[in-house]
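Chemist: kindly generate the corresponding structure for this input.
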Amino acid sequence: MNSFMFVGANILLLLSGFSNASDSITQSQTISEGRALVSADGSFELGFFSPGSSTNRYLGIWYKNIPVITVIWVANRNNPIKDLSGVLKINTTGNLVLLSQNSSLVWSANSTKQALNPTLQLLETGNLVLRDGNDGNSENYLWQSFDYPCDTLLPGMKLGWDLKTGLDRRLSAWKNWDDPSPGDFTWGIELHDNPEIVMWKGSKMYYRSGPWNGLGVSGAPELKPNPVFRFNFVSNENEVYYEYYLKDKSIISRMVMNQTNYHRQRYIWIEASSTWSLYASVPRDNCDTYNLCGAYGNCIISESPVCQCLKGFQPKSQQTWNPTDWSQGCERRTQLSCQDKEKDGFFKFVGLKLPDTTNSWVNKNMSLKECRTECLNNCSCMAYSNSDIREGGSGCAIWYGDLIDIRQFSAAGQDLYVRMPASEIETKDEHKTKVIVIVVVAVVTAIVSGMLLIAYLMYKRRTKFRENMENNVIIDQSIGGHKEDMELPIFDLATIAKATNNFSSNNKLGEGGFGPVYKGTLIDGQEIAVKRLSQSSGQGLNEFINEVLLIAKLQHRNLVKLLDFGLARTFERNQIEGNTNRVVGTYGYMAPEYAIDGLFSVKSDVFSFGILLLEIVSGKKNRGFYHLNQSLNLIGQAWKLWKEGRPLELIDTCLEESCTLPEIFRCIHVSLLCVQQHPEDRPNMSSVVMMLGSESLLPEPKEPGFLIGKDSLDATSSSSKQQLSSTNEITITRLEAR
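Modeler: Take a look at the predicted model:
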């Protein structure tokens with residue numbers, strides 16, 4: 001079962017049919033079975049429901065305009081009503097109460113504030129508020145449901161503490177899909193000098209995000225600034241809380257605690273498919289498990305084993321460390337000499353999720369240098385860092401005792417300075433000597449390499465002219481028999497060389513399957529494009545001549561832009577697929593079956609279209625795409641984000657303000673369908689057009705083809721024993737740079 005609360009058939013249909021539903025009631029009005037409150041914009045509805053297969057009745061709030069009934073708040077989650085006698089009203093003291101048969105009290109808001117004209121209202125944010133109708137300030141609430149969350153955090157809700165009243169706004173998952181009473185999976189803020197967002201499983205800490213650093217938290221990369229959400233963390237003498245907002249108010253999103261798999265999940269509603277799409281889920285992997293590697297252990301998800309001791313530390317128990325139990329953690333190889341400060345120093349670790357802050361101290365006014373001094377003067381201080389990383393860093397955070405729950409986050413982690421004995425840290429002289437040695441070796445290597453390169457270039461220059469002249473003769477002889485069929489002029493090599501400034505790199509337009517393409521200007525001022533066969537090309541002279549003949553016979557101003565795409569145009573009238581012994585084209589855009597086995601069909605063009613669509617959405621090229629620490633190309637990165645429920649992270653930043661999120665999400669979905677590994681799994685182009693132009697439900701994509709990076713693909717292709725050419729001897733490439 002999915003992780004959202006389905007209430008389905010057990011919600012009384014009378015609620016939907018209640019035509020005069022209002023967003024508020026006064027002391028003289030009530031809400032009973034068959035009646036509801038609906039927010040002014042129609043987004044949320046308050047009424048009675050029965051969850052799942054249960055017959056118990058609860059008072060709750062759900063999305064009004066979403067066909068998948070999703071409950072976001074329950075009043076009487078600990079005390080269900082067994083029949084249809086429930087009534088919600090404002091009593092004579094101005095308090096909000098839920099009564100059942102014989103006026104038995106089921107639930108109460110327990111508001112202690114008095115009002116002359118108490119009014120209950122369901123706001124457009126999903127917040128149910130009790131306020132004084134005579135109060136001119138509409139934001140002065142006597143009571144609000146946002147202060148008493150259940151399992152869902154909506155935009156604008158606060159997760160955390162009101163320090164003046166002692167109110168702890170904490171989320172707790174439903175016990176199960178039929179029972180909304182609180183389960184043992186909870187989410188809130190741990191209060192101490194450096195507060196953190198924490199999840200608990202029962203009374204034990206289950207996940208920790210790391211402290212707020214001004215921009216986000218070091219243990220939760222999904223909280224970094226992005227085009228969809230804006231995050232906020234407040235910590236002062238009155239309040240400590242976390243909240244989020246949507247930059248685009250048309251987006252519907254929520255965070256929910258999933259009791260089934262013990263995950264906190266963020267969803268976005270996709271109108272086109274009428275489904276909740278998983279945007280992010282925590283924990284992400286094994287390294288998110290609280291204190292998996294023990295004291296001074298660093299969890300690195302890409303390593304095996306995932307737990308590694310920090311530099312200067314070793315496993316406390318080698319016998320238990322090697323299998324899978326790392327709970328005993330690590331210990332220092334060399335003990336500290338606290339009494340002699342000159343024998344201790346600090347080693348800078350980069351890209352870490354900062355340690356558990358339970359035993360920590362923060363001073364927001366200190367510099368990093370002052371922070372170091374403060375830590376060095378205290379024998380119990382084991383590490384320090386900036387408390388705020390904005391504008392170069394400020395503030396001081398200090399850790400006392402063992403450092404636990406650390407993991408590596410190369411892209412989102414923080415710098416942490418860990419106390420070390422001097423013997424574990426390079427001295428300035430040692431570092432300077434090492435730098436000098438490296439510089440000397442580098443300079444000598446550069447000089448020798450430069451001399452060898454100059455000698456090689458001189459040799460190449462001497463031989464190049466001879467080769468060019470030989471090739472010119474061969475090409476001239478090869479096409480000589482076709483001159484009478486051509487309607488285009490033929491130029492000699494000297495004319496072309498002069499037009500392109502001797503094939504200058506400044507004239508280079510791009511590179512295709514045959515080699516580079518240059519812009520040239522003839523003596524009469526006419527601009528031309530020159531394609532030059534490269535010796536490193538995997539395609540031969542025959543294919544090059546074929547393309548020359550093709551371009552000479554087919555004159556069209558868009559011909560060069562069409563080349564390399566549209567393999568289907570080489571088919572005979574009734575042909576829908578073909579086979580070739582010589583594959584030509586640009587790697588990164590060819591379908592797997594064509595690039596590897598020489599098989600092509602109308603679905604090969606669909607694959608190329610999918611690549612182009614991904615490039616448009618992401619603003620990145622499939623060829624040359626690079627992702628830190630991953631050998632993925634653009635397809636691989638798109639598939640990874642899709643599986644993790646984060647496809648919107650693929651969007652080009654220049655599209656953030658102008659794009660419609662459901663439309664861009666659909667483009668990503670369609671592009672992944674186009675780049676499927678097997679041709680039969682890809683749609684045809686007419687289906688692609690229909691998918692992009694409608695809001696019909698799309699099939700879920702399977703793993704696409706060519707997830708690997710360019711280097712891996714090149715290695716695979718170069719090892720192939722097949723030669724490359726099309727069935728009708730037409731060479732296909734593209735003149736324009738991608």
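
Chemist: just the helices in the stretch 1-150 of the chain please.
Modeler: Ranges of helices within the stretch 1-150 of the chain are 14-17, based on DSSP state H, counting those that start in this stretch.

Chemist: low-confidence bits of it, can you list those?
Modeler: For the stretch 1-150 of the chain, applying pLDDT under 70 flags the ranges 1-20.

Chemist: repeat that for 50
Modeler: Across the stretch 1-150 of the chain, the ranges flagged by pLDDT under 50 are 1-19.

Chemist: and what of the chain?
Modeler: Ranges of the chain meeting pLDDT under 50: 1-19, 428, 557-562, 571-576, 581, 628, 709-738.

Chemist: domains in it, by residue range?
Modeler: 1-148, 157-284, 302-425, 428-480, 483-557, 583-718 (automatic domain parsing).

Chemist: quote the end-to-end distance of the third one.
Modeler: From its first residue to its last, domain 302-425 covers 26 Å (C-alpha to C-alpha, to the nearest Å).

Chemist: does residue 421 really touch residue 338, like I thought?
Modeler: No: taking contacts as C-beta atoms under 8 Å, residue 421 lies outside contact range of residue 338: 10.0 Å. Just so you know, the C-beta spots here come from the backbone N, C-alpha and C atoms, and that holds for glycine as well.

Chemist: mind listing the shared neighbours of those two?
Modeler: Residues touching both residue 421 and residue 338 (C-beta atoms under 8 Å, 6 or more residues apart in numbering) are residue 344.

Chemist: just to revisit the earlier point, and the domains of the chain as a markdown table, adding distance to residue 296 and mean neighbour count?
Modeler: Output for those, formatted as a markdown table (distance: least, C-beta to C-beta, whole Å; neighbours: other C-beta atoms under 10 Å):
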| stretch | distance to residue 296 | mean neighbour count |
| --- | --- | --- |
| domain 1-148 | 36 | 17 |
| domain 157-284 | 16 | 18 |
| domain 302-425 | 4 | 18 |
| domain 428-480 | 24 | 11 |
| domain 483-557 | 50 | 15 |
| domain 583-718 | 23 | 18 |
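
Chemist: looking at these, which is nearest to residue 291?
Modeler: Across those, the minimum distance to residue 291, taken as C-beta to C-beta, is reached by domain 302-425, at 4.7 Å.

Chemist: what's the spacing between the closest one and its chain's center?
Modeler: 28 Å (C-alpha atoms, centre = their mean, to the nearest Å).

Chemist: same deal with stretch 607-622?
Modeler: Relative to the centre of its chain, stretch 607-622 is centred 17 Å away, using C-alpha atoms, centre = their mean.

Chemist: and what of stretch 37-53?
Modeler: Distance, stretch centre to chain centre, for stretch 37-53: 32 Å (C-alpha atoms, centre = their mean).

Chemist: over to stretch 134-145?
Modeler: 39 Å.

Chemist: contact partners of that stretch?
Modeler: 61, 73, 75, 94, 96, 109-111, 113, 115-118, 127-132.

Chemist: and what of stretch 698-707?
Modeler: The contact list for stretch 698-707 (C-beta under 8 Å, 6+ apart) reads 273, 591-592, 595, 607, 610, 632-633, 635-636, 638-639, 642, 666, 669-670, 672-673, 675-678, 681, 691, 713.

Chemist: same question, stretch 293-304
Modeler: With contact meaning C-beta under 8 Å, 6+ apart, stretch 293-304 is reached by 285-287, 292, 306-310, 313, 316, 326-332, 349, 352, 402-404, 406-408, 629.

Chemist: same thing but 6 Å
Modeler: With C-beta atoms under 6 Å, 6 or more residues apart in numbering as the test, stretch 293-304 has contacts from 285, 287, 292, 306-308, 310, 313, 326-330, 402-404, 406-408.

Chemist: let's see which of those residues end up in strands.
Modeler: Mapping those onto strands (DSSP state E) picks out 307, 308, 313, 330, 406, 407, 408.

Chemist: now render those as TSV, adding distance to residue 369.
Modeler: As requested, those are exported to TSV (distance: C-beta to C-beta, whole Å):
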residue	distance to residue 369
307	33
308	30
313	26
330	28
406	24
407	27
408	26
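
Chemist: brilliant, that's me finished.
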